[in-house]
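Colleague: Any chance you can model this:
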Amino acid sequence: MKRAIWNGQTIAQSDKTVMIEGNAYFPADSVKKEFLTASDTHTTCPWKGVASYYSIKVHDQVNKDAAWYYPKTSDMAKSIEGYIAFWKGVKVEEVAAV
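Modeller: Sure thing, here's the model as predicted:
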């Protein structure tokens, strides 16, 4: 089981994450959406597709574009389509299943 934490708050937790290129992608339903705000930022990965971003807001602090996801992936990355990954100081850690 993995957990994503930023600013002392658990943002996501799941035992169904998918690891790609060292990043843990969390199923969308395991992420607490109340901490996410849609961003206008988009980037392109040559083999995954176009990524969209969220900023994370916890305790009135904002971590701009600290989460990303692929709403529609290439055929090679279907296992993470719609899943959400984190960076920019968001700590992803392994936790014991309860």
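Colleague: Please make it C-alpha for all contacts and neighbour counts, starting now.
Modeller: OK.
Colleague: What strand or helix carries the nearest residue to Y70 once chain neighbours are set aside?
Modeller: Once flanking residues are discounted, Y70 sits nearest to A51: 4.6 Å by CA to CA, 6 or more residues apart in numbering. Per DSSP states H and E, A51 falls inside strand 49-58.
Colleague: my guess is K88 contacts A66, does it?
Modeller: Yes. Using CA atoms under 8 Å, K88 is in contact with A66, at 5.4 Å.
Colleague: If you count surrounding residues, which of these two has more?
Modeller: Neighbour tally, K88 and A66, criterion other CA atoms under 10 Å: the higher count belongs to A66, 20 against 11.
Colleague: quick one on the thing from earlier: from the contact counts, what lies against the strand holding A51?
Modeller: Applying 3 or more CA pairs under 8 Å, 6 or more residues apart in numbering; DSSP states H and E, we find strand 49-58 packed against strand 36-45, strand 61-69.
Colleague: and of these, who's closest to A4?
Modeller: With CA to CA, the closest approach to A4 among those belongs to strand 61-69: 10.4 Å.
Colleague: Partner strands of that closest one, with direction?
Modeller: strand 49-58 (antiparallel), strand 84-86 (antiparallel) (DSSP bridges).
Colleague: Could you dump those strands into CSV with mean neighbour count and distance to A28 added?
Modeller: CSV is the format used below for these (neighbours: other CA atoms under 10 Å; distance: least, CA to CA, whole Å):
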stretch, mean neighbour count, distance to A28
strand 49-58, 20, 12
strand 84-86, 26, 6
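Colleague: so which of these comes closest to S30?
Modeller: Nearest to S30 among the strands paired with strand 61-69 is strand 84-86 (9.2 Å), distances taken as CA to CA.
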